[in-house]
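Trainee: Just need the structure, nothing else, for what follows:
(one chain, ligands or ions: 1)
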Amino acid sequence: MSDLRELYQEVILDHTKRPRNFGTLEGSSHRAEGNNPLCGDEIRVTVKVDGDSIRELRFEGAGCAISTASASLMTEALAGKTIEQANCLFDRFHGVVTGEIARDDGKLGKLAVMGGVAEYPLRVKCATLAWHTLRAALEGSGEPVTTE
Ligand code: ZN
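Mentor: Residues are numbered from 1 along each chain as shown. Take a look at the predicted model:
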C-alpha cells in the first residue's frame, strides 16, 4: 500500500514538473478561465471540440502542485473523449477526491493518483479547478469560474 502511495506521489510530481498539454491551443473552439482564491491557483483551458468529441485540450496558468498535476492529468485523460464521457469522468473524479466514492475501483485510470486529495479537504478545490474550468468552457458560459 505504501508502495502504491509512493507511486502516486511520483506521478503527481512528474506532472507538476513537466505538465502535459501546457499552453494555448491554436484554433480552439471553447475556452474558459478559472481561479481558486483560497490557494491562488489560476488556470485557462482551451479546447477544440469536433462534433460531440474533445479533439484536443490545453491548459496554462499558475498554480500549486496539486492544481497543475490535476490539470495535466485531465488533459491527458480527456483528449479524444466525448463530452458525455468527460462529464461522467468528472463526476467520478469529483466523487473520489471528495471521498464520496472509493478510490481505485479501476474506473478512473491514471486519474486515481489524485485520490489522496480526499484526505486534505482544503486541496479538493485545487484538484477540481481544471475540471470546473473545462466544464465552463464546454458549456460556453464565457464567465470566469471561481471555486468560491
Ligand atoms: Zn492550489
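
Trainee: going forward, measure contacts between C-alpha atoms and count neighbours the same way
Mentor: Will do.

Trainee: Do any residues in the helix or strand of the chain with the lowest mean pLDDT lie close to the ion?
Mentor: Least confident helix or strand of the chain, by mean pLDDT, DSSP states H and E, is strand 145-146 with a mean of 84. No: Strand 145-146 stays out of contact with the ion when judged by C-alpha under 5 Å from the ion, the minimum separation being 12.5 Å.

Trainee: Return the set of buried residues in stretch 56-66.
Mentor: Using 16 or more other C-alpha atoms under 10 Å as the test for burial, stretch 56-66 gives 56, 57, 58, 59, 60, 61, 63, 65, 66.

Trainee: re the thing from before, now do the least confident helix or strand of the chain: which elements does it pack against?
Mentor: On a contact count with 3 or more C-alpha pairs under 8 Å, 6 or more residues apart in numbering; DSSP states H and E, strand 145-146 meets strand 30-36, helix 124-139.

Trainee: Identify all contacting residues around the first one.
Mentor: Applying C-alpha atoms under 8 Å, 6 or more residues apart in numbering, the contact partners of strand 30-36 are 41-49, 125-126, 129-130, 132-134, 136-138, 140, 142-148.

Trainee: Weed out the non-buried ones from the residues you listed.
Mentor: 41-49, 125-126, 129-130, 132-134, 136-138, 145-147.

Trainee: before we move on, back to that, can the helices and strands packed on strand 145-146 go into a markdown table with extra columns for mean pLDDT and distance to the ion?
Mentor: Listed next are those as a markdown table, based on pLDDT from 0 to 100; distance: least, C-alpha to the ion, whole Å:
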| stretch | mean pLDDT | distance to the ion |
| --- | --- | --- |
| strand 30-36 | 96 | 7 |
| helix 124-139 | 96 | 4 |
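
Trainee: Compile these into a markdown table and extend it with columns for distance to residue 97.
Mentor: Output for these, formatted as a markdown table (distance: least, C-alpha to C-alpha, whole Å):
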| stretch | distance to residue 97 |
| --- | --- |
| strand 30-36 | 16 |
| helix 124-139 | 6 |
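
Trainee: Figure out which of these is closest to residue 98.
Mentor: With C-alpha to C-alpha as the measure, helix 124-139 is the member of the helices and strands packed on strand 145-146 nearest residue 98 (6.5 Å).
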